[in-house]
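Student: Kindly generate the corresponding structure for this input.
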Amino acid sequence: MDLKALHYFIEVVNAGGFAKACHTAFVTQPALSKAIRLLEEELGMVLLERGKRGSQIRLTEAGQVVYQHALTLLEGRQHMMAELDSLRNLSGGTLRLGLAPLGSAELFAPVIAKFRQQYPNVELKLLVRGGIEQTVALHKDEIELATGIIDFEDEFDGIRVRNESMVVVLPAAHELASKNTLQLSELNQLAQVMFEPEYALYELVLAACAKAGFKPINITRVSHADFGIALVAAGIGVMILPKIIAERYRVDAVVNIPLASEDLRWELSLFWRKQKHLSFAAQAMLKLVKQHLSQLESQPKI
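Tutor: As a prediction, this is how the structure comes out:
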C-alpha cells in the first residue's frame, strides 16, 4: 500500500474536501482524486461519501478504519525516519565493541575517549574478553567490532593495528639477562609463565615453540600481564610478551630481552564479519582508529 496515497487520504479528510486538500497536500485536484480512487480500488471498498460539488465529504465506516490506521502508519514512519536520522547523525544508537585484554588500554583507550567526546549520545558497550571468546561474540551479534590476533581469511575483514616483535621477560639475575637478543630455542627447558588458553597469544606462543623444536614446561598460567611479570620477578619462570605490554608493566627486578625469532610476532587487529553491514557508529569508530594509526605513523621514531 502506497503511504503517499494514505497521506493524501488523511489530508482530504482533515481538510473536509478535495479542493482545500490540494493546498495542504501540494498536489493538483485531479491527481488527488486519482490517488484516492486507486486506494479505494485497491481495498475494494468506498472510503469517502462524496456529496454535491463544494459540499463536505464524509467518511464511510471503512473510511474511518483506514483513517485511524493511516494515522498510525504515518506516525510510525515519522518515528522510523527520526530514528534513522539519529543513527546517521550519530546522535543516538549503540556501538558494541569487543576489546582484547592485552593491548587495549595502550592502543584503544585514546580512540575510545575521542569517540566518546565526539559522539556523547552514542551508547558505548565494551566487552573485554580473550580472542576466542570475541569471535564467538561476533557470531552471536553480541559485538560488532572486535580486537585481537586473527587471520582475516574469508570470514573476517579488518585492519592491522599493531605488528611488532616480542620480548622475553626474565628475572634481572637470570643467566640470559645480559644478552642483547634471544632465540626462541634458548627458552627450551625453562619454566614459562603464559596466559590462559582462551587468550590467542597462548596458542601463538605454543605454535612458535613447537616450530623451534620444543614444548614449554612447568607452565604457570595467568590472566593478567602485570601478575605474570610479578611472577617472573619472583623467579617462577620467563614470559614472552609483546614489547608494548612488557614495557608498560616493567618492574626493576626484570629485564626485557628482544626475541630474535621472526616466527613469533604480535599482530593485533580490529576486525568484523565480512557479511555484516557496519552501523554508522561502527564506521565512525573505524575512521577514528585509522586516523589514530596515521597520527602514530607520522610521529618521529625515537
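
Student: Quick check: buried residues in the worst-scoring helix or strand of the chain on mean pLDDT?
Tutor: Here the helix or strand of the chain ranked lowest by mean pLDDT, DSSP states H and E is helix 104-107, holding a mean of 80. The neighbour-count check on helix 104-107 (16 or more other C-beta atoms under 10 Å) flags Ser104, Leu107 as buried. Placement of C-beta: from N, CA and C, glycine included.

Student: Mind checking what secondary structure Val168 has?
Tutor: Here Val168 is strand, with the state taken from DSSP: H, G, I helix; E, B strand; the rest coil.

Student: Could you do Ser165 as well?
Tutor: strand.

Student: tell me the contacts of it?
Tutor: Lys243, Pro258, Leu259, Glu262, Leu264, Arg265, Trp266 (C-beta atoms under 8 Å, 6 or more residues apart in numbering).

Student: Identify, from those residues, the entry nearest to His7.
Tutor: Distances from His7 to those, taken as C-beta to C-beta, are shortest for Trp266 (58.2 Å).

Student: quick one: the closest one from Asn163, how far?
Tutor: 7 Å (C-beta to C-beta, to the nearest Å).

Student: Next: Lys215.
Tutor: Between Lys215 and Asn163 the distance is 26 Å, computed by C-beta to C-beta.

Student: neighbour-wise, which of Trp266 and Asn163 wins?
Tutor: Trp266 (22 against 10; other C-beta atoms under 10 Å).

Student: Next up, the contacts around that one.
Tutor: Applying C-beta under 8 Å, 6+ apart, the residues near Trp266 are Gly103, Ile149, Arg162, Asn163, Glu164, Ser165, Met166, Leu201, Leu204, Pro242, Lys243.

Student: quick one: it and Gly44, what's the gap?
Tutor: 68 Å.

Student: Val222 now?
Tutor: Using C-beta to C-beta, Val222 is found at 72 Å from Gly44.

Student: More neighbours: which of those two?
Tutor: Per other C-beta under 10 Å, whichever of Val222 and Gly44 has more neighbours is Val222, with 18 against 7.

Student: so which helix or strand takes in the nearest residue to that one once chain neighbours are set aside?
Tutor: Excluding the flanking residues, the one nearest Val222 by C-beta to C-beta, 6 or more residues apart in numbering is Gly228, at 4.3 Å. Using DSSP states H and E, Gly228 falls within helix 225-233.

Student: Show me what that helix is packed against.
Tutor: For helix 225-233, the elements it packs on are strand 156-171, strand 191-195, strand 217-222, strand 239-242, helix 243-248, strand 254-258, judged by 3 or more C-beta pairs under 8 Å, 6 or more residues apart in numbering; DSSP states H and E.
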